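Participant: need a 3D model of the sequence below.
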Amino acid sequence: MSALSSAALLLMALLPGPNAAPGWARGGEARCYSPDSLYEHIDGAADLYVSYGFKQAVVGDYVKGGEGERWITVDIYDMGAPLHAFGIYGAEKPPDVEETEVGEYGMQGYSLEGLVALWKGRYYVKVSAVEREDVEAAEALAMVTAGKLPARLKMPEELRRLPSANGVAGSERYVKTSALGHKFLVEVVSAEYKLEEATATLYVADLGPPESAAAGWQKLRDFESRTGEKVEDVSGVGEDAFAATDGYYGEMVAARQGQFLVLGMSEEAGRAELTALARKALSVLAPSCEGGVCRAP
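Facilitator: Numbering: from 1, shown residues only. Below is the predicted model of the structure:
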């Protein structure tokens with residue numbers, strides 16, 4: 001193995017030690033991956049990780065009492081920032097999976113069919129057992145790893161851009177690039193909301209300079225004018241706002257204020273409810289928008 005950087009050595013030290021799970025021991029040397037070599041470990045998924053800011057990873061194999069046919073793999077990914085770790089965790093988490101209580105593994109985590117996944121701080125951890133009978137050992141290794149991660153149990157600060165009232169717990173997500181299939185929708189946090197009898201999804205994108213946000217808003221309006229229906233401007237919501245009926249997502253209201261673009265979408269809620277949701281989102285962002293210039297909360 002070539003000489004490792006100090007950062008890689010520190011990451012390797014986070015792998016579970018001997019007997020972290022009773023009867024299990026490290027088998028062979030741990031492996032280290034960079035953005036350029038990650039495809040050697042997760043070919044086909046490496047680009048997604050890199051798009052979320054992946055820095056490096058270490059992988060350790062654990063064997064049961066020297067039996068090579070029974071093994072568990074522990075992957076620790078340094079994603080560079082808590083928001084990025086949260087984002088890749090949400091991108092890979094199966095829909096409707098039951099998460100553990102916050103803190104049992106990491107910040108959030110789940111165990112499903114031999115896979116234990118969690119995130120904490122800037123780290124994303126996956127522990128995979130080959131045999132179903134080894135799930136308890138995988139969970140033990142995951143908890144030991146989570147305890148060694150040098151990070152606090154704290155949700156990403158960027159989620160404060162989302163209104164807290166009526167939000168659906170656990171629905172928060174982060175997409176770094178090309179949200180909803182639009183290349184210009186970047187740095188997007190989202191969550192689901194209960195609006196009386198309907199459910200809606202709210203997206204908040206940080207598009208950088210206000211002129212970039214204005215251009216992004218216009219691209220979205222132009223797209224809906226070509227592909228959607230009933231596109232109309234909405235007054236009194238941010239600096240620019242429009243409503244439309246999207247052919248795939250249903251009703252939508254998009255508004256811009258400074259560098260932020262907020263987008264409410266629902267197949268159940270009407271435009272009035274989505275307009276109120278967008279207005280609420282802008283009120284959360286308002287303290288960071290002064291004189292037409294916004295800074296991220």
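Participant: ok, Ala254 to Pro95 distance?
Facilitator: Look at Ala254 and Pro95: by Cβ to Cβ, to the nearest Å, they are 25 Å apart. Every residue, glycine included, has its C-beta placed from N, CA and C.
Participant: wait, I meant Pro82
Facilitator: 23 Å.
Participant: tell me how many other residues crowd the closest residue to Val231 other than its chain neighbours.
Facilitator: Nearest-residue entry for Val231: Ala244, 4.4 Å, with adjacent residues in sequence omitted and distances by Cβ to Cβ, 6 or more residues apart in numbering. Ala244 has 24 neighbouring residues, counting by other Cβ atoms under 10 Å.
Participant: same deal with Gly53?
Facilitator: 18.
Participant: where do the helices sit along the stretch 101-250 of the chain?
Facilitator: Here the stretch 101-250 of the chain has its helices, by DSSP state H, counting those that start in this stretch, at 135-148, 210-227.
Participant: what's the most buried one of those?
Facilitator: helix 135-148 (a mean of 21; mean count of other Cβ atoms under 10 Å).
Participant: just checking, what packs against that one?
Facilitator: Helix 135-148 is packed against strand 56-64, strand 67-78, strand 108-112, strand 115-120, strand 123-129, with contacts defined by 3 or more Cβ pairs under 8 Å, 6 or more residues apart in numbering; DSSP states H and E.
Participant: that one vs strand 108-112, what angle?
Facilitator: 170 degrees (axes from the mean of the first three to the mean of the last three Cα atoms, to 10 degrees).
Participant: what does helix 135-148 contact?
Facilitator: With contacts defined as Cβ atoms under 8 Å, 6 or more residues apart in numbering, helix 135-148 is touched by 13-17, 20-24, 62, 64, 72, 74, 76, 104-106, 109, 111, 114-116, 118, 120, 125, 127-129.
Participant: my understanding was that Val186 contacts Ala179; is that so?
Facilitator: Yes - with contacts defined as Cβ atoms under 8 Å, Val186 counts as touching Ala179 at a distance of 7.3 Å.
Participant: now distance to Tyr193 too, for the helices and strands packed on helix 135-148, in JSON lines please.
Facilitator: As requested, the helices and strands packed on helix 135-148 are exported to JSON lines (distance: least, Cβ to Cβ, whole Å):
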{"stretch": "strand 56-64", "distance to Tyr193": "35"}
{"stretch": "strand 67-78", "distance to Tyr193": "30"}
{"stretch": "strand 108-112", "distance to Tyr193": "20"}
{"stretch": "strand 115-120", "distance to Tyr193": "23"}
{"stretch": "strand 123-129", "distance to Tyr193": "27"}
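Participant: which one of the ones you listed lies closest to Val237?
Facilitator: Checking the helices and strands packed on helix 135-148 against Val237 by Cβ to Cβ gives strand 108-112 as the closest, at 32.5 Å.
Participant: returning to what we had before: can I get the helices of the stretch 101-250 of the chain in TSV with mean pLDDT?
Facilitator: Converted to TSV, the helices of the stretch 101-250 of the chain look like this (pLDDT from 0 to 100):
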stretch	mean pLDDT
helix 135-148	95
helix 210-227	96
